[in-house]
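**Q** next input, structure requested:
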Amino acid sequence: MKTAYIDRCGLRISVVTLFILAMAIAPAMAQKKYDPGATDTEIKIGNIASYTGQFSEYGAEPRAQAAYFRMINDRGGINGRKIVFVSVDDGSDFSKGRWLAQQLVEQEGVLLLFSTFGNPSNLAIRTYANEKQVPQLFVQSSSSAFDDPAHFPWTMGFFATFRTEALAYAKYILQTQPDAKIGVLYASDETGNEYLAGLREGLGERASSMIVKVAVFKYADPMTVDKQVEALKDSGANVFINVAIGRSATQAIRKAFDIGWHPTQFIPNATLSVAAFLDPAGLEKATGIISNARSKSGTAAQARSDPAVGAYLEWMRRYNPDASLRDQINVAGYERAQALVEVLKKCGDDLTRANVIRQAASLDLEIGMLQSGIRVTTSPTDYQPIKQLFLIRFNGKEWLPLGALAAR
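**A** Residues are numbered from 1 along each chain as shown. Sure, this is the predicted structure:
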């Protein structure tokens, strides 16, 4: 009888113990939610980049991002999960964007799409990403089209928009050259049209009299750049809004100088890299150009005492040693990667696509390489994480601050 009693008690204790353990484990198990691309050990991220072709200089950004993720993985990953960064080359052919996105989502099984390069590519991907409810985060385009949560709640931009850039340039021109004659070089695409609209908006009722020439070039036909720069010079313009991206901007900078045209020149933030775009143009030919920035420089002597710059330089030394410190594209990659890591940390063990976009839409971050006063902030109705910029001027060696912060 005693033995039987002990057995029955043992059975009762075992059942109770198992029940208690099950109840304790259940909440933890319930908290772990995964969509494709996430497991207990990894988070798979998809990226489309231009490693080759006309815009290959921008391949520096995903290389920097891969290097940043290696650092995170060496430190234990995100909540114990390693980042698997799947980056594919579009060869600077943006017509491949949607197909490559589909491949990443449906064949590679990525959790989200991150920092894809190019305005046309991202616009093509946007419909697919929103139909499939896959986060398309921190795209490499400053078009305001990616701040539209009401219509495209799965797509989010990152840096201040082309419109914000153009408004800042217009304000500066009105303040410093109120009688300016402005010539604009642009491609008639989403980027160029937004820039031109922002410039006209910023100049207000004076736009029609101040803009004396608008010249359209084609990225597919480099000869049009030289021809249109000559036409802008002939118009009598003394302010040159050079809304070209990448090598086309380099070509326009060089051509203006070589034909003896020395207007006040403005270029987009996307083309401010000294190593990638100003060196090939000739530093003396780029002297005096105005652009805009949000970030600190890793080469400015006065910034070396900044702990955030020190951390960036150490990261470059250890994880991205073949990249140039004079290429600001690396800073952009570092910043986007850091922001994504913070989003994924906020997700905890709920690594569903819905939670990823929910966390991305509730950010209030300070990123060390952003200039003081600039924060990463979002909300369900605000998909523009960075809204501010400041003007800079190239002195022949480096970019120097020119004015106070501007915002959209």
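
**Q** now the helices for the stretch 301-408 of the chain?
**A** Secondary structure of the stretch 301-408 of the chain, counting by DSSP state H, counting those that start in this stretch: helices at 307-319, 329-347, 353-360.

**Q** most tightly packed of these?
**A** The highest average neighbour count among these, using mean count of other CB atoms under 10 Å, belongs to helix 329-347 at a mean of 23. Placement of C-beta: from N, CA and C, glycine included.

**Q** what packs against that helix?
**A** In terms of contacts (3 or more CB pairs under 8 Å, 6 or more residues apart in numbering; DSSP states H and E), helix 329-347 is packed against helix 60-74, helix 307-319, helix 353-360.

**Q** quick one, which of the helices of the stretch 301-408 of the chain is nearest to Ser50?
**A** For the helices of the stretch 301-408 of the chain, distance to Ser50 was read as CB to CB. The smallest value, 11.6 Å, belongs to helix 329-347.

**Q** about what we covered before: Gln338 is nearest to which of the helices and strands packed on helix 329-347?
**A** Closest of the helices and strands packed on helix 329-347 to Gln338 is helix 60-74, at 6.8 Å (criterion: CB to CB).

**Q** in CSV, could you pull the C-alpha coordinates for stretch 385-401?
**A** Listed next in CSV are the C-alpha coordinates belonging to stretch 385-401 (Å, rounded to 0.1, in the frame of the first residue of the first chain):
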residue,chain,number,x,y,z
PRO,A,385,12.7,59.3,-40.7
ILE,A,386,15.1,62.2,-41.3
LYS,A,387,13.6,65.5,-42.1
GLN,A,388,16.5,67.9,-41.7
LEU,A,389,19.7,68.9,-43.5
PHE,A,390,22.2,71.7,-43.5
LEU,A,391,24.1,73.4,-46.4
ILE,A,392,27.8,72.7,-47.0
ARG,A,393,30.4,74.2,-49.4
PHE,A,394,33.4,72.4,-50.9
ASN,A,395,36.6,74.3,-50.4
GLY,A,396,38.7,72.2,-52.7
LYS,A,397,39.7,69.6,-50.0
GLU,A,398,36.6,69.0,-47.9
TRP,A,399,33.0,70.0,-47.2
LEU,A,400,32.5,72.8,-44.6
PRO,A,401,29.2,73.9,-43.0
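
**Q** now do that stretch: distance to the chain's middle.
**A** Relative to its chain's centre, stretch 385-401 lies at 16 Å (CA atoms, centre = their mean, to the nearest Å).

**Q** could I get the helices of the stretch 301-408 of the chain as JSON lines with mean pLDDT and distance to Asn79?
**A** Below are these laid out as JSON lines (pLDDT from 0 to 100; distance: least, CB to CB, whole Å):
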{"stretch": "helix 307-319", "mean pLDDT": "96", "distance to Asn79": "21"}
{"stretch": "helix 329-347", "mean pLDDT": "98", "distance to Asn79": "7"}
{"stretch": "helix 353-360", "mean pLDDT": "98", "distance to Asn79": "13"}
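
**Q** returning to what we had before: I'd like the helices and strands packed on helix 329-347 laid out as TSV, including distance to Met210.
**A** As requested, the helices and strands packed on helix 329-347 are exported to TSV (distance: least, CB to CB, whole Å):
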stretch	distance to Met210
helix 60-74	35
helix 307-319	39
helix 353-360	39
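
**Q** how much space separates the closest residue to Pro149 other than its chain neighbours from Met369?
**A** Once flanking residues are discounted, Pro149 sits nearest to Tyr383: 4.8 Å by CB to CB, 6 or more residues apart in numbering. Here the criterion is CB to CB, to the nearest Å. By it, Tyr383 lies 22 Å from Met369.

**Q** same deal with Leu112?
**A** Separation of Leu112 from Met369 (CB to CB) stands at 23 Å.

**Q** which one of the two has more residues nearby?
**A** Comparing Leu112 with Met369 by other CB atoms under 10 Å, the one with more neighbours is Leu112, at 29 against 22.

**Q** surely that one touches Arg353?
**A** Yes: under the criterion of CB atoms under 8 Å, Leu112 is in contact with Arg353, at a separation of 6.6 Å.

**Q** between these two, which contacts overlap?
**A** Residues touching both Leu112 and Arg353 (CB atoms under 8 Å, 6 or more residues apart in numbering) are 134-135.

**Q** before we move on, back to that, export the helices of the stretch 301-408 of the chain to CSV and tack on distance to Gln102?
**A** Converted to CSV, the helices of the stretch 301-408 of the chain look like this (distance: least, CB to CB, whole Å):
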stretch, distance to Gln102
helix 307-319, 31
helix 329-347, 21
helix 353-360, 15
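
**Q** closest to Tyr51 out of those?
**A** The closest of the helices of the stretch 301-408 of the chain to Tyr51 is helix 329-347. By CB to CB, the value is 12.8 Å.

**Q** export the closest one as CSV, just CAs?
**A** Included here for helix 329-347 are C-alpha records, laid out as CSV according to Å, rounded to 0.1, in the frame of the first residue of the first chain:
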residue,chain,number,x,y,z
ILE,A,329,28.5,56.9,-49.1
ASN,A,330,30.0,54.7,-46.4
VAL,A,331,28.5,57.0,-43.7
ALA,A,332,25.1,56.7,-45.3
GLY,A,333,25.4,52.9,-45.3
TYR,A,334,26.5,52.9,-41.6
GLU,A,335,23.5,55.1,-40.6
ARG,A,336,20.9,53.1,-42.4
ALA,A,337,22.3,49.8,-41.1
GLN,A,338,22.3,51.2,-37.5
ALA,A,339,18.7,52.3,-37.8
LEU,A,340,17.6,48.9,-39.1
VAL,A,341,19.4,47.1,-36.2
GLU,A,342,17.5,49.4,-33.8
VAL,A,343,14.2,48.5,-35.4
LEU,A,344,15.0,44.8,-35.2
LYS,A,345,16.0,45.1,-31.5
LYS,A,346,12.6,46.7,-30.8
CYS,A,347,10.9,43.7,-32.4
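
**Q** now that helix against helix 353-360, angle please.
**A** On the basis of axes from the mean of the first three to the mean of the last three CA atoms, to 10 degrees, helix 329-347 is oriented at 120 degrees to helix 353-360.

**Q** chain center to helix 329-347: distance?
**A** Worked out by CA atoms, centre = their mean, helix 329-347 lies 10 Å from the chain centre.
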